[in-house]
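Peer 1: model the structure of this input:
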Amino acid sequence: MSRRCEITGKKANNAYAVSHSHRRTKKLQEVNLQWKRFWWEEGKRWVRLRLSTKAIKTIEKRGLNTVAKEIGLNLSRR
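Peer 2: Modelled structure (predicted):
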């Protein structure tokens with residue numbers, strides 16, 4: 001499974017680690033992904049999603065159904 005948020009689509013970013021002498025080495029800036037269970041009221045069951053912390057805050061504020069319908073995520077297959 002790729003390290004990508006299922007709601008926002010966030011993924012790792014390529015960057016440089018710059019030392020004091022300004023030598024640059026490549027590094028990956030990973031997304032802060034978490035496994036999170038949400039109660040899906042429409043389906044009357046728990047849905048487990050791998051989300052970024054920003055997506056978790058968005059779902060808690062706006063609700064799982066509204067966010068899933070906006071991006072076209074089918075929760076019945078989760």
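
Peer 1: in stretch 62-78, what's buried?
Peer 2: If you call a residue buried by 16 or more other C-beta atoms under 10 Å, then stretch 62-78 has these buried ones: L64, V67, A68, L75. Where C-beta positions appear, they are placed from N, C-alpha and C, glycine not excepted.

Peer 1: and those residues as a markdown table, adding secondary structure, pLDDT and distance to H20?
Peer 2: Output for the buried residues of stretch 62-78, formatted as a markdown table (DSSP: H, G, I helix; E, B strand; the rest coil; pLDDT from 0 to 100; distance: C-beta to C-beta, whole Å):
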| residue | secondary structure | pLDDT | distance to H20 |
| --- | --- | --- | --- |
| L64 | helix | 96 | 46 |
| V67 | helix | 96 | 43 |
| A68 | helix | 95 | 47 |
| L75 | helix | 92 | 49 |
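
Peer 1: now do stretch 57-67: distance from first to last residue.
Peer 2: End-to-end distance for stretch 57-67: 11 Å, by C-alpha to C-alpha, to the nearest Å.

Peer 1: quick one: low-confidence parts of this structure?
Peer 2: 1 (pLDDT under 70).

Peer 1: farthest residue from the center of it?
Peer 2: S21 (35.3 Å; C-alpha atoms, centre = their mean).

Peer 1: just say helix, strand or coil for that residue.
Peer 2: Three-state assignment for S21 (DSSP: H, G, I helix; E, B strand; the rest coil): coil.

Peer 1: can you pull the phi and psi angles for it?
Peer 2: Backbone torsions of S21, given as degrees, to the nearest 10, read phi -80, psi 10.
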